[in-house]
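# output the structure for:
(one chain, ligands or ions: 3)
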Amino acid sequence: ADFYSPTELTDGFHLVIDALKLNGIDTIYGVPGIPITDLGRMAQAEGMRVLSFRHEQNAGNAAAIAGFLTKKPGICLTVSAPGFLNGLTALANATTNCFPMILISGSSEREIVDLQQGDYEEMDQLAIAKPLCKAAFRVLHACDIGIGVARAIRAAVSGRPGGVYLDLPAKLFAQVIDAQHGAKSLVKVIDAAPAQLPAPTAIARALDELRNAKRPLIILGKGAAYAQADDVVREFVERSGIPYVPMSMAKGLLPDTHPLSAGAARSTALKDSDVVLLVGARLNWLLSHGKGKAWGEPGSKRFIQIDIEPREMDSNVEIVAPVVGDIGSCVSALLDGLGDGWKGAPAEWVETIRAKREANIAKMAPKLMKNTAPMDFHSALGALRTVIKERPDAILVNEGANTLDLARGIIDMYQPRKRLDVGTWGIMGIGMGFAIAAAVETGKPVLAVEGDSAFGFSGMEVETICRYKLPICIVIFNNNGIYRGTDTDPTGRDPATTVFVPDSRYDRMMEAFGGVGAQVFTPDELKRAVDAAMDSGKPTLINAVIDPAAGSESGNIGSLNPQSVIKRK
Ligand SMILES: Nc1ncnc2c1ncn2[C@@H]1O[C@H](COP(=O)(O)OP(=O)(O)O)[C@@H](O)[C@H]1O
Ligand SMILES: Cc1ncc(Cc2csc(CCOP(=O)(O)OP(=O)(O)O)c2C)c(N)n1
Ligand SMILES: [Mg+2]
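Ligands and ions are numbered 1, 2, ... in the order given. Below is the predicted model of the structure:
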């Protein structure tokens, strides 16, 4: 009620802004256009940060990772139909990765859409969004904006986080209502993501499994990173003494150099463990669905699973001890239940993991030291590994195939939620959107390590990065192609389908918009250029020349490719 004086009027534009601000949302990522250009202008004039992108997919990816980093839904604002569709990829990806975001799109008038009379940018957006996201709502009356925004926030962050679509038809914005009435219609969401406590019986069952284990293993997933229960997760790993494998975006929950880290001994850990505690990690393709040779003898594993989504249990293999609830509450209950009786994980098993980890690290070490040109993935990543070790609070964004797969194992992370990558779908194109939101939401310097193909999906946002003067250093691993730069067209007519222009200079793209460009040929030159960028905080793009023959098809997941057995004469 203290928003407006008694005589005033308000309208849809103002109610959307007030509803977002009332709920602590202060940033919007979007692309202007009919019917939401003025909404963006007015939000900016009222003190919200409104960042305009060059393509809605990148604005949507920014909103998604903002949600992952802050636990508040990131907001992506788009025009109707084509703009909405461009945002959908990011909304679907957010939902797949359990990142909370709200895609707000202007839309055409219901009466015209429903009679299919050909409105400007006509599309039944709500119907199209529904199957691709966690929840979808449309608001037709200004006095419902408060409830609509509240429902979208709660749907995005409660339970398993995800993407929500909020459809705002053009006529809604200019609808005028009494200001007092409007003020009363706003809803400040109370406890949007309520703690969900596990049942004591579930905790007891899980502890029994752990007590009987001879070779226990913990797997930390990005749900554990998202939960921001960092202290209790770390304490549980250390008090239990159980080795752990961090999934890609859970790296840094404990430093990758931690004595209990089994990241560098992942194959042994998965194959030889007998009881596996999943913490905010799904047994999907990234964990070979919990079965097959990666997991050793069939039926040899007993899985305990902590997840806020009850239906995740038994999704791939039997879960002998399901623990349903939020990670903070569940891990705290397990920690309390360990009690003084807990003797730690069997020393022989911990030693096996340690020895395997050290051996694998030692085997890798020489590959990281090569300081000659042309660079390959290992030698270039060796330089960046040192950069992150020296700058642990920098945020690392990473995408590509070899550029992604090798960076995941070579660049150690030291703090939670510092590694942001392609996630569950392995989607290309998250790079610049993630880098922009990471810089905006945290104020920390960002290092985006990009395959040259991956960069191409969102590369136009280098102008956005320069416009907002963001502390983002992009390193492009330029191996002239997708996976490699050496394929050829057997007919000799065109370049192969997986190569790019040879000797390309992506660094010049950044210079085009006033940023710093550099080309480097050795790991030393790469490290110096990155250090200069991180020290200056200036938008920088480094074109790191990588041997075009260095990569392997599809990085680590080439086996997922179907192979033709037919060889035409
Ligand atoms: N706060 C939370 N508490 C418990 N589980 C959560 C929480 N947030 C997300 N999750 C769960 O974490 C899981 C994340 O799994 P996934 O995305 O497969 O991680 P990763 O790819 O790192 O293995 C999802 O099943 C999701 O339901
Ligand atoms: C939206 C989308 N479209 C295509 C693809 C398929 C793909 C997976 S990885 C990749 C790029 C690999 O080349 P890059 O140069 O980035 O990396 P490198 O191996 O170091 O040379 C593509 C096109 C995916 N995953 N998502
Ligand atoms: Mg490449």
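# count the neighbours of the residue in the stretch 351-500 of the chain that ligand 1 sits nearest to for me.
Residue nearest to ligand 1 within the stretch 351-500 of the chain (Cβ to the nearest ligand atom): Thr424, separated by 5.0 Å. To be clear about C-beta, it is placed using only N, CA and C from the backbone, and glycine gets the same treatment. Taking other Cβ atoms under 10 Å as the criterion, the count of residues near Thr424 is 18.
# which residues does it contact?
For Thr424, the contact set (Cβ atoms under 8 Å, 6 or more residues apart in numbering) comprises Thr96, Asn97, Arg282, Asn284, Leu286.
# so the first one, which state does it fall into?
Three-state assignment for Thr96 (DSSP: H, G, I helix; E, B strand; the rest coil): helix.
# so it makes contact with Trp425?
Yes - taking contact to mean Cβ atoms under 8 Å, the distance of 5.4 Å between Thr96 and Trp425 places them in contact.
# tell me which of the two has more neighbours.
When Thr96 and Trp425 are compared on other Cβ under 10 Å, the one with more neighbours turns out to be Thr96, at 17 against 13.
# helices of the stretch 1-150 of the chain, residue ranges please.
For the stretch 1-150 of the chain, the helices defined by DSSP state H, counting those that start in this stretch occupy 12-22, 37-45, 56-70, 82-97, 110-114, 125-129, 145-157.
# typo on my end, the stretch 351-500 of the chain
Taking DSSP H, counting those that start in this stretch as the test, the helices found in the stretch 351-500 of the chain are 377-390, 402-410, 431-442, 452-456, 462-467.
# just name the most buried of the ones you listed.
helix 431-442 (a mean of 27; mean count of other Cβ atoms under 10 Å).
# below-threshold pLDDT in this protein: ranges please.
Counting by pLDDT under 70, the ranges of the chain that qualify are 1-6.
# who are the contact partners of the nearest residue to Val149 once chain neighbours are set aside?
Spatial nearest neighbour of Val149, excluding adjacent residues (Cβ to Cβ, 6 or more residues apart in numbering): Ala19 at 3.9 Å. For Ala19, the contact set (Cβ under 8 Å, 6+ apart) comprises Ile145, Gly146, Gly148, Val149, Ala150, Leu186, Val187.
# and which of those residues is nearest to ligand 3?
Of all the contacts of Ala19, ligand 3 sits closest to Val149, with 41.6 Å by Cβ to the ion.
# and the closest one, how many neighbours?
29.
# can you tell me the SS state at whichever residue of the chain sits closest to ligand 1?
For the chain, the residue closest to ligand 1 is Gly223, as judged by Cβ to the nearest ligand atom, at 2.0 Å. Reducing the assignment to helix, strand or coil with three-state DSSP, the entry for Gly223 is helix.
# do the same with His181
Quick answer, by three-state DSSP: His181 is helix.
# spatially nearest residue to it (excluding sequence neighbours)?
Distance criterion Cβ to Cβ, 6+ apart; nearest residue to His181, sequence neighbours excluded, is Cys143 at 6.5 Å.
# what does the stretch 101-250 of the chain put close to ligand 1?
With the criterion set to Cβ under 6 Å from any ligand atom, the stretch 101-250 of the chain comes near ligand 1 through Arg160, Pro161, Gly221, Lys222, Gly223, Tyr226, Ala227, Met247, Met249, Ala250.
# among these, which ones are in helices?
Lys222, Gly223, Tyr226 (DSSP state H).
# quick check, the second one in contact with Phe99.
This points to Gly223. No - at 10.7 Å, Gly223 does not count as touching Phe99 under the criterion of Cβ under 8 Å.
# count of residues packed around Arg532?
Careful, residue 532 is Ala and not Arg. Residues within reach of Ala532, counting by other Cβ under 10 Å, total 15.
# just the element for it, please.
Here Ala532 sits within helix 523-536, counting by DSSP states H and E.
# ok and whichever helix or strand comes after that helix relative to helix 377-390, angle-wise?
With elements assigned by DSSP H and E, the helix or strand that comes after helix 523-536 is strand 540-545. Angle, strand 540-545 to helix 377-390, by axes from the mean of the first three to the mean of the last three Cα atoms, to 10 degrees: 150 degrees.
# what's the angle from strand 540-545 to helix 402-410?
Using the same axes, to 10 degrees, strand 540-545 lies at 100 degrees relative to helix 402-410.
# how far off centre is strand 540-545?
Taking the mean C-alpha point of strand 540-545 and that of its whole chain, the gap between them comes to 23 Å (Cα atoms, centre = their mean, to the nearest Å).
# just checking: what are the partner strands of it?
strand 472-478 (parallel), strand 516-520 (parallel) (DSSP bridges).
# and those as TSV, adding mean neighbour count and distance to ligand 1?
TSV is the format used below for the strands paired with strand 540-545 (neighbours: other Cβ atoms under 10 Å; distance: least, Cβ to the nearest ligand atom, whole Å):
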stretch	mean neighbour count	distance to ligand 1
strand 472-478	29	23
strand 516-520	20	32
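# so for ligand 3, which of those sits nearest?
Ligand 3 lies closest to strand 472-478 among those, at 6.2 Å (Cβ to the ion).
# for the next helix or strand after that closest one, which positions count as buried?
Secondary structure here is assigned by DSSP H and E; on that basis, the next helix or strand after strand 472-478 toward the C-terminus is helix 507-512. Residues Asp507, Met509, Met510 are the ones in helix 507-512 that count as buried (16 or more other Cβ atoms under 10 Å).
# now Ile430, nearest residue through space, not along the chain?
If the residues on either side of it in the chain are set aside, Ile430 comes closest to Asn61, at 4.9 Å by Cβ to Cβ, 6+ apart.
# tell me how many other residues surround that neighbour.
For Asn61, the tally of surrounding residues (other Cβ under 10 Å) stands at 37.
# mind listing what the residue nearest to His181 touches?
When contacts are counted by Cβ under 8 Å, 6+ apart, Cys143 touches Ile177, His181, Gly182, Ser185.
# now, among those, which is nearest to Arg311?
Distances from these to Arg311 were compared by Cβ to Cβ; the smallest belongs to Ser185, at 34.4 Å.
# which phi and psi values does the closest one adopt?
Dihedral angles of Ser185 (phi, psi; degrees, to the nearest 10) stand at phi -80, psi -10.
# hmm, Val440 is touching Leu51, no?
Yes - with contact taken as Cβ under 8 Å, Val440 and Leu51 are classed as touching, separated by 6.6 Å.
# what is in contact with these two at once?
When contacts are counted by Cβ under 8 Å, 6+ apart, Val440 and Leu51 are jointly contacted by Thr27, Ala62, Tyr468.
# now these: which count as buried?
Those of the shared contacts of Val440 and Leu51 that meet the buried threshold are Thr27, Ala62, by 16+ other Cβ under 10 Å.
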